[in-house]
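[1] Got a predicted structure here, sequence first:
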Amino acid sequence: MASLSASSIKPGTIVHLYELQPGSPFFQPTTSLRVMGLLQNYQVDSGIAVISEGGASLKIDTQHIRNLQFSIGSLYQFIGELSFPAGDTPDQMILQARVGRNVDGLDVKLYDKALQLRRQFEAKYMQHLKSQGLLLLPWRIVNGE
C-alpha cells in the first residue's frame, strides 16, 4: 500500500452498504468510507472479511488492521478506501480498511437516526452556503466570488 501523509488521509464518509451502487457519489475508486455490517465470513490467510447490511454485502481487506478479533455474526465498523481490483461492479469492490472495530451493542436504530439527522443538517447547511454565495473548502469558508 502506498504511503499516505496525514494531510492526504480523508475522513470516512458514513454510508450504508446498499448505497454503494453504480451512479452513487460513493461508488468511486479511492473514496474514503465508513461502513458497518454483520461479519458473514473471514478468511484468515487472505485477511478478507465479508460484512452485510440490509441485503447488501461488501468485501473488506483487513491486512492493515492489527489486534482485532473477528467473530462471525458480530457487528463491525470499518474505515478505508474503496477499490475495484477486478472491475467497476458492486460485486468486485473491496474496502481497503485502515481502521476496524467491533461495535456489538451499538444501538443501530439510533445510529441510523443520527445519520439521517446529520445528512439533513448538511443539506440545509450547503443550501444556506450556496444562497449566501459562499463555498465550503476544507477547514474554512471562503467567499464564492
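    That came through, no problem. Residues are numbered from 1 along each chain as shown.
[2] drop to CA atoms for contacts and neighbour counts, all remaining ones
    Will do.
[3] Point me to the helix or strand that includes Leu33.
    Here Leu33 sits within strand 32-43, counting by DSSP states H and E.
[4] Show me what secondary structure element comes after that strand.
    Heading C-terminal from strand 32-43 (DSSP H and E), you reach strand 48-53.
[5] List the neighbouring strands of that following strand plus their orientation.
    Partners of strand 48-53 in the sheet, by DSSP bridges, are strand 32-43 (antiparallel), strand 56-61 (antiparallel).
[6] List the buried residues of the strand holding Leu33.
    32-42 (16 or more other CA atoms under 10 Å).
[7] Now distance to Lys59 and pLDDT too, for the residues you listed, in JSON lines please.
    Listed next are the buried residues of strand 32-43 as JSON lines, based on distance: CA to CA, whole Å; pLDDT from 0 to 100:
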{"residue": "Ser32", "distance to Lys59": "15", "pLDDT": "91"}
{"residue": "Leu33", "distance to Lys59": "13", "pLDDT": "94"}
{"residue": "Arg34", "distance to Lys59": "13", "pLDDT": "95"}
{"residue": "Val35", "distance to Lys59": "11", "pLDDT": "96"}
{"residue": "Met36", "distance to Lys59": "12", "pLDDT": "97"}
{"residue": "Gly37", "distance to Lys59": "11", "pLDDT": "97"}
{"residue": "Leu38", "distance to Lys59": "12", "pLDDT": "98"}
{"residue": "Leu39", "distance to Lys59": "10", "pLDDT": "98"}
{"residue": "Gln40", "distance to Lys59": "10", "pLDDT": "98"}
{"residue": "Asn41", "distance to Lys59": "9", "pLDDT": "97"}
{"residue": "Tyr42", "distance to Lys59": "10", "pLDDT": "97"}
